[in-house]
Structures are given as C-alpha cells and as structure tokens.
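Participant: What follows is a protein structure lacking sequence information:
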C-alpha cells in the first residue's frame, strides 16, 4: 500500500496543492512566531549585554546601595580576580564646529580585554584625549586629531561658553555606537578615568554602573563568585549581585520586558487560528479527494486490500504531503525572518538585531504541521 500511496501522490499532485499551501502557511506562521521570540531575546542580549560582553563576571549594585571605590577595592582583592573594570559614566556637555549639546561619557577600561567598545578608526584615548561614536563624529564632522570641548553637564550649554570654560580634548579615535539601552540614541564619548573625574561635578556626578571582572587563568567562575560575594559582604555591600554576563543579560532583559513577552502571546494566538483553519482545509480537501476515489478504493478492496490497508494508504498520503509542506513552511519562515533581520542590521538604530533559529521552533513547526495533516485526514 506504500507504493499505492506514493503513486497516488505522484500521479495526482495537483489534488494536494490546496492542502500543501494551507499546511505551509500554518507551519510558517507558527515557526516564524517562535523564531521571533528567540530572535527578540537574542537581539536584546546583544543590546543589553553590549557593555559587559567581554567580562567573566559582573558585579551590579543592590537596591539603594550604589557601588563606590570601596566596593571596587574589595572586588579587586578577592581571590581569583586578575583584572577589574569599574564602569562609570557621567553626563557631559560638548561643543565643536559651532554647535553644542549633551552626551554621556564613559571611562575606558584599563585592562584591554575588558573594553567592550569597538574601535573603527584612530586609537584608544590616552591622557587629554577622547574617543566618540561614529554617528556623533559624522554629525560634527570630526576625525582623529580634531579638538573637542567637554564640560560638566550643568545648566544650559552653548558652544561659546564651552570654548571659554570647557576642557579641550583631542579626538583620538572613532568607535561604533553602543547598543546599550542606557547609552544608545545619544552622543557617546570614551576617555580615561582621569578625564571622567575632571568632567564630573556635584550636579552631574559619575555613576558607578558595574564592576567587571577578568578571572585568573586557573580560577573557576563559581569559586571566584563566592570569594567576590564574601569580599563585598565584608565591605558592607552584601546586597550587590555577582553574575555571569549571560545571567546578568537575562536579568536585565526580564526587567525591560517585565518577564513576559506580550507580542509572542498575541502571535501565538494568531498561529493557533491559522492551524485551526488549516486543519479544516485539510479535512475538507481529503473528504473531497476520497469521495472522488470511491471506485478506485472499492477496486482495491475487490483485489484483496482490507480496511486497514486502505486507511493506511490515505494516511501515508497525508503524511507525505504534510512532511513536504511542513519543510517548505519552515524554510519559508527562516528565509523571511533572515531577510528581515538582515535589513534591520543595516539600519543605524537596530544593528544589534540577531537571527535565532532554535531547534524548538523548527521541530515544533514541522511536527505540528505533520501531525495536524495526518489527524485532519483521519476522519475522512
């Protein structure tokens, strides 16, 4: 009966076009929905985790207990810690080429391995120098070697006042704009810690964001986490958390999304509707096909085929059509989403977009399509 089913599908392929299209659309919708969820999480991870992607461990402040130099000293002295980067930032005023504005200045990591910024042109800033993001550099028409005026962000700002009372710094390099949600969309500057101290003020103090760690070659993350947590507790920072970059990214993503993904819930609801409609189309189509083949099936019974064999033949046809259509639906969803992600990556504000094709999305989409087709063909 397997040969009969294969011959039937091969000979009357056009009969199954409606079934194939319905299954392909439903499977593509379901697979794309699951991939959108995974790709959204991956994109948020690229964005939220951009500032500590090179660290082995990340220390973040506890509720109402900001980090300071005492916490940084305690972390640096913990067992298994090779290098530390006390990530700080301050809001500053800048002026160049007759224009002025506000931006965020972050200190450069002294340990090169902990620096998450990406240098596109020039060199990393040294004393008396600053690097700025590519978007701001293009807008201000600045290149390495140019002079930029920076000052603490207090009150209104004008290019004339900055020229008179600001700090003149040499632009050493151009960096790729950070996708960090707390920095993206505004001018970004990078300078040594000493420059950050000069540009901080009582009205615009430097904020301690994280303390990032690079582990010693023979140290394990679990052991170092325990030693760092103990050192922080002894220094009075017991509320601070010590996470791996993946754990920290997951926590931040949950804080941004509230722990739920409403978009995925809505899309899954539409996907279920598409699956229901698809099952009705498959059932109706197979009902018509079987009605058209009454004499053929009766002839098979006359030459010795029993009810089980007839039923198995029809279900094999449904299985073949479901498998091919489901594969096409999965490939279509992957191709469509890959094209969309590629377009987003070319946009200046969404360059952190990432495509995530998870085994769950592929297997759930294909498996659901095949199972739905077979079950829908069973009753007719």
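Facilitator: Here it is on my side, so go on. No experiment lies behind these values; they were computed from the predicted model shown. Numbers count the residues shown, from 1 in each chain.
Participant: what kind of secondary structure is residue 327 in?
Facilitator: When classified by DSSP: H, G, I helix; E, B strand; the rest coil, residue 327 comes out as helix.
Participant: What about it, how many residues nearby?
Facilitator: Close neighbours of residue 327, defined as other CB atoms under 10 Å, add up to 17. (Glycine included, C-beta is placed from N, CA and C.)
Participant: Leaving aside the residues adjacent along the chain, what's closest to it?
Facilitator: Take residue 327 and drop its neighbours on the chain: the residue closest to it by CB to CB, 6 or more residues apart in numbering is residue 366, 6.5 Å away.
Participant: Surely that neighbour is in contact with residue 27?
Facilitator: Yes - the pair residue 366 / residue 27 is scored as a contact, 6.7 Å apart, by CB atoms under 8 Å.
Participant: Quick check: neighbours shared by the two?
Facilitator: Common contacts of residue 366 and residue 27, defined by CB atoms under 8 Å, 6 or more residues apart in numbering, comprise 326, 329, 330.
Participant: Next, format the residues you listed as JSON lines and append distance to residue 377, pLDDT and neighbour count.
Facilitator: Listed next are the shared contacts of residue 366 and residue 27 as JSON lines, based on distance: CB to CB, whole Å; pLDDT from 0 to 100; neighbours: other CB atoms under 10 Å:
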{"residue": "326", "distance to residue 377": "14", "pLDDT": "91", "neighbour count": "28"}
{"residue": "329", "distance to residue 377": "17", "pLDDT": "91", "neighbour count": "28"}
{"residue": "330", "distance to residue 377": "20", "pLDDT": "92", "neighbour count": "25"}
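Participant: Just put these in TSV and tack on distance to residue 347.
Facilitator: Converted to TSV, these look like this (distance: CB to CB, whole Å):
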residue	distance to residue 347
326	32
329	28
330	27
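Participant: So which of the residues you listed is the closest to residue 86?
Facilitator: For the shared contacts of residue 366 and residue 27, the minimum distance to residue 86 (CB to CB) is 46.9 Å, reached by residue 330.
Participant: Who are the contact partners of that closest one?
Facilitator: Residue 330 neighbours (CB under 8 Å, 6+ apart): 27, 28, 31, 362, 365, 366.
Participant: Please repeat the previous calculation with a cut-off of 10 Å.
Facilitator: Residues counted as contacts of residue 330 (CB atoms under 10 Å, 6 or more residues apart in numbering) are 24, 27-28, 30-32, 35, 357, 361-366, 369.
Participant: For the residues you listed, work out which two are farthest apart.
Facilitator: For the contacts of residue 330, the farthest-apart pair by CB to CB is 24 and 357; their separation is 17.6 Å.
Participant: okay, the two: which has more neighbours?
Facilitator: Each of residue 24 and residue 357 had its neighbours counted (other CB under 10 Å), and the higher figure belongs to residue 24 (22 against 17).
Participant: any idea which element the more buried one lies in?
Facilitator: helix 17-48 (DSSP states H and E).
Participant: swap in residue 171?
Facilitator: In the assignment (DSSP H and E), residue 171 maps to strand 167-175.
Participant: got the buried residues for that strand?
Facilitator: By 16 or more other CB atoms under 10 Å, the buried positions in strand 167-175 come out as 167, 169, 171, 172, 173, 174, 175.
Participant: Could you identify the helix or strand that succeeds it?
Facilitator: strand 188-191.
Participant: Poorly predicted segments of the stretch 251-380 of the chain, please.
Facilitator: 256-264, 348-349 (pLDDT under 70).
Participant: Going along the chain, name the strands of the protein.
Facilitator: 57-60, 81-96, 99-107, 119-122, 129-133, 147-152, 167-175, 188-191, 207-215, 241-243 (DSSP state E).
Participant: Comparing residue 366 and residue 27, which residue is more hemmed in?
Facilitator: residue 27 (33 against 20).
Participant: correct me, but the more buried one touches residue 364?
Facilitator: Yes - between residue 27 and residue 364 a contact is recorded at 9.4 Å, counting by CB atoms under 10 Å.
Participant: List the residues that contact residue 233.
Facilitator: Counting by CB under 10 Å, 6+ apart, residue 233 has contacts 74, 239, 240.
Participant: Out of those, which is nearest to residue 110?
Facilitator: Distance to residue 110 across the contacts of residue 233 (CB to CB) is lowest for residue 74, with 17.7 Å.
Participant: Distance check, the closest one against residue 196.
Facilitator: Separation of residue 74 from residue 196 (CB to CB, to the nearest Å) stands at 21 Å.
Participant: can you pull the buried residues of stretch 271-286?
Facilitator: So, applying 16+ other CB under 10 Å, buried residues of stretch 271-286: 271, 274, 275, 278, 279, 281, 282, 283, 285, 286.
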